[in-house]
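In: Dropping the sequence and predicted coords here.
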Amino acid sequence: MFNSLPQPKPDAIIALMAEYAADPRDTKVDLGVGVYKDDEGRTPVMRAVRKAEERLHAAQTTKTYTKLTGDPAFVKAMQELGLGQATDRMAGAAAPGGTGALRVLFELVSRAKPDAKFHISNPSWPSHEGMLNNMGLSVSKYDYFDAETCGVRFDDMLAYVNGLGADDIVVLHGCCHNPTGANLTDAQWAQLTESAIANGWTPLVDLAYQGMGDGLEEDVTGMRHMASKVQRMMVAQSCSKNFGLYRDRAGCATVICPDVDETKLVQATLASVNRMLYSFAPDHGAALAEIILNDPELRADWEAELTEMRERINGLRDGLAEALRQATNSDRFDFIKEHRGMFSRLGVTPEQVKAMRDEAGIYMVQDSRMNIAGLTEEDLPAFARAAAAAGA
Ligand code: PLP
Ligand code: TYF
């Protein structure tokens, strides 16, 4: 029976990881998959994570099941981190990574409203569309990125969401937009909040990079404003990037409800959804995040290391814009300095992306998305020369 399976379409970003690994050149540069790298190209286990692992190893007496919605202490700590507080209007569940949290929330919506329509940014992280299509749910795209200005087409986005209503779910990136690096301002979050209230659509915020843009608090000011005003909102948090817990699969799904009765119903439904999808969520990474968030010393060290990571990325942004200025004699790459998060798009064609790979061993996603953290200061002049040579 399996021989008649359709050949699955590989994920372009994950396929690129394999192509990079197979490239024998020792000068190659990996700007593909979105994992943080230090200036020696390593993705380290964070200091606080290592210490939390030692504590967990010493203190954990059992690995018996947690709850279907995970350890409540983890969920509470994540809600406080993302939303600033955990309240009795918030239902929540641990999930396998941010992707797991999204999957659980999509499932919750489809149980509540089978004909709900999802709206994602154009462009967005490919798994948004992929997962919704895979579930047979309706998905459309709202205008988001302006390839000319490399900013957000906010007027078009606002006009789009103003045309939505109670059956619509709008997926927003909480910060550090993937793949463009172009983000909403706090004032724009406030305007979207007004639109959600006036038109009745429900926000679903994908928060995968808190702390990687301007700071743990700064990155979520807009989202928290929205959370404080709307009746209902969903948040999918990932611990992959900001805790470096990628393979441990730690994430959290939160649903803000209008009242306590609805919250209880949603909480029970999240447990049921988890049970139908994968039963208990993984707890190892969640336990580490919970230990770090609730221990002042580990938390301070985690925040310090996250700050080092963010400052390295933002320093590279400034350096890259300057190197491109010099190599191309133009200021049109200055947008890289304004963008935040791991990614920006260089703004070149797929042919130019291929030329930079073939000629200089620089690996970017076909849409010219580059993981800024994949660069080192030393790489910048050669990167800029390669971009100029490819016609950027
Ligand atoms: N959402 C976005 C926009 C992402 O870039 C990622 C990155 O991997 C995720 C969600 C989920 O990450 P994970 O499932 O690894 O926690
Ligand atoms: O966008 C990225 O690079 C990360 C990692 O199917 C990722 O979000 C990429 C592709 C994918 C899953 C995760």
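Out: Right, received. Where do you want to start? Residues are numbered from 1 along each chain as shown. Ligands and ions are numbered 1, 2, ... in the order given.
In: got a list of what the closest residue to Asp219 other than its chain neighbours touches?
Out: Spatial nearest neighbour of Asp219, chain neighbours left out: Cys175 (3.9 Å); criterion: C-beta to C-beta, 6 or more residues apart in numbering. No exception for glycine: its C-beta is placed from N, CA and C like everyone else's. When contacts are counted by C-beta atoms under 8 Å, 6 or more residues apart in numbering, Cys175 is found next to 183, 207, 209-210, 212-214, 219-220, 222-223, 340-341.
In: Surely Cys175 is in a helix?
Out: No - Cys175 sits outside any helix when classified using DSSP: H, G, I helix; E, B strand; the rest coil, being coil.
In: Could you check the pLDDT of the residue of the stretch 1-150 of the chain found nearest ligand 2?
Out: Sorted by distance to ligand 2 under C-beta to the nearest ligand atom, the residues of the stretch 1-150 of the chain start with Gly34, at 3.0 Å. Here, the pLDDT recorded for Gly34 equals 95.
In: ok, now which ones touch it?
Out: 13, 178, 241, 342-343, 371.
In: What about ligand 1: which of those touch it?
Out: Asn178 (C-beta under 6 Å from any ligand atom).
In: Lys354: neighbour count?
Out: For Lys354, the tally of surrounding residues (other C-beta atoms under 10 Å) stands at 14.
In: Contact partners for it?
Out: Contacts were defined as C-beta under 8 Å, 6+ apart; by that measure Lys354 touches no other residue.
In: Now do the helices in the stretch 1-150 of the chain.
Out: Across the stretch 1-150 of the chain, reading from the start of the chain, the helices by DSSP state H, counting those that start in this stretch fall at 12-22, 47-59, 72-83, 97-112, 126-134.
In: tell me the mean pLDDT for the shortest one?
Out: Looking back up the chat, that one is helix 126-134. Looking at helix 126-134 alone, the average pLDDT works out to 97.
In: what about it, near ligand 1?
Out: No - Helix 126-134 does not reach ligand 1 (C-beta under 6 Å from any ligand atom); its nearest approach is 6.9 Å.
In: Give me the angle between that helix and helix 97-112.
Out: Between the axes of helix 126-134 and helix 97-112, defined by axes from the mean of the first three to the mean of the last three C-alpha atoms, to 10 degrees, the angle is 30 degrees.
In: Can you check what angle separates helix 126-134 from helix 12-22?
Out: Using the same axes, to 10 degrees, helix 126-134 lies at 130 degrees relative to helix 12-22.
In: For helix 126-134, which residues meet the burial criterion?
Out: For helix 126-134, the buried set under the neighbour-count rule, 16 or more other C-beta atoms under 10 Å, comprises 126-129, 131-132.
In: tilt between the helix of greatest length in the chain and helix 47-59?
Out: Criterion DSSP state H: the longest helix present in the chain is helix 296-328. Relative orientation of helix 296-328 versus helix 47-59 (the same axes, to 10 degrees): 150 degrees.
In: Determine the set of other helices and strands touching helix 296-328.
Out: Applying 3 or more C-beta pairs under 8 Å, 6 or more residues apart in numbering; DSSP states H and E, we find helix 296-328 packed against helix 47-59, helix 284-294, helix 335-338, helix 379-389.
In: Could you check how far the first one is from the centre of its chain?
Out: Yep, that's helix 47-59 we're talking about. The chain centroid and the centroid of helix 47-59 are separated by 25 Å, computed with C-alpha atoms, centre = their mean, to the nearest Å.
In: ok, and for it, which residues are buried?
Out: By neighbour count, with 16+ other C-beta under 10 Å as the criterion, the buried positions of helix 47-59 are 48-49, 51-53.
In: Now do the spatially most central residue of the chain against Gly92, distance only.
Out: When C-alpha atoms, centre = their mean is applied to the chain, the residue found nearest the centroid is Ala208 (2.8 Å). Relative to Gly92, Ala208 is positioned 17 Å away (C-beta to C-beta, to the nearest Å).
In: cool, Leu102 as well?
Out: As defined by C-beta to C-beta, Leu102 lies at a distance of 14 Å from Gly92.
In: Not counting sequence-adjacent ones, nearest residue to Gln191?
Out: Counting by C-beta to C-beta, 6+ apart, the nearest residue to Gln191 once its immediate chain neighbours are dropped is Leu158, at 6.0 Å.
In: Near the one you found, how many other residues are there?
Out: Neighbour count for Leu158, taken as other C-beta under 10 Å: 16.
In: For it, grab phi and psi.
Out: phi -70, psi -40 (degrees, to the nearest 10).
In: Start the count at 746 instead of 1 going forward.
Out: I'll keep to 746 as the first residue from here, and by that count the last item is Leu903.
In: Could you verify my assumption that it touches Thr938?
Out: No - counting by C-beta atoms under 8 Å, no contact exists between Leu903 and Thr938, whose distance comes to 11.3 Å.
In: Met1115 - nearest residue in space that isn't next to it in sequence?
Out: Using C-beta to C-beta, 6+ apart, the closest residue to Met1115 is Leu776 (4.0 Å).
In: Count the neighbours of the one you found for me.
Out: Taking other C-beta under 10 Å as the neighbour definition, Leu776 ends up with a count of 26.
In: Next up, the contacts around it.
Out: Contacts of Leu776 (C-beta under 8 Å, 6+ apart): 1107-1109, 1115-1117, 1119-1120.
In: Check Asn1019 too.
Out: For Asn1019, the contacting residues are 813-814, 838, 840, 849, 1025-1026, taking C-beta under 8 Å, 6+ apart as the criterion.
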